[in-house]
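Asks: Just a sequence and a predicted model for now, questions to come.
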Amino acid sequence: MMVFEKLCGAIRKVISCVCVFLLGLQVLIVSGVAVSRYAFGYTPAWGEKSALLCMVWFCLLSATLALFDDTHLRMTLIDNFVSEKAIRVLNVIVMVLIFAFGSFMLLEGIGLVQLSSRNTMAGLGISNAYLYASIPVAGLAFMVVSLEKGKELLCHMKQ
């Protein structure tokens, strides 16, 4: 299973680098569009859509990083009233649900990419499929993270 852990670590590093790049690019694009609009009275047609493209990819991929780091939002009210063993079981159930959601995103996202592949993004002139491809990619990443976290949780339950 060591190979899977190395693969998850590599995936995490790639997603982290992509998120840093996308956030920086989005800041540059939005800043450039704002300066262009107010200083020169010109708004580039590609500005809004390219910032949207960066934002969608960043948001979905950064959610995966939150799962990797266990910094995602979660309700812990039940944790105050149940045993430690029940909390572990609930955590495994949560990972199963995240895996199911990732599977849904992957399968339905592929259909959405195919459906939108003939449409182009105004201002950019590229296929809408590039925007919607973020959904199956993030779904696959959710599945990988949930498998890794689920494995960790099951190992802790056996101890």
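Replies: That came through, no problem. Residues are numbered from 1 along each chain as shown.

Asks: so Leu90 touches Leu77, yeah?
Replies: No: contact status for Leu90 versus Leu77: not in contact, 11.6 Å apart, counting by C-beta atoms under 8 Å. C-beta: built from backbone N, CA, C; applies to glycine.

Asks: With neighbour numbers in mind, choose between the two.
Replies: Set side by side, Leu90 and Leu77 show unequal neighbour counts under other C-beta atoms under 10 Å, the larger going to Leu90 at 15 against 6.

Asks: Just give the closest residue to that one, not the sequence neighbours.
Replies: Counting by C-beta to C-beta, 6 or more residues apart in numbering, Leu90 lies nearest to Ile78, which is 6.9 Å off, once chain neighbours are set aside.

Asks: quick one: that neighbour and Asn91 touch, right?
Replies: No: under the criterion of C-beta under 8 Å, Ile78 lies out of contact with Asn91, with a separation of 11.0 Å.

Asks: Give me the more crowded residue out of the two.
Replies: Taking neighbours as other C-beta under 10 Å, Ile78 and Asn91 compare with Asn91 leading, 20 against 10.

Asks: any idea how far Leu115 is from Met95?
Replies: 30 Å (C-beta to C-beta, to the nearest Å).

Asks: Tell me which other helices or strands whatever helix or strand Leu147 lives in touches.
Replies: Taking DSSP states H and E as the criterion, the element that holds Leu147 is helix 134-158. Packing partners of helix 134-158 (3 or more C-beta pairs under 8 Å, 6 or more residues apart in numbering; DSSP states H and E): helix 2-40, helix 47-69, helix 84-116.
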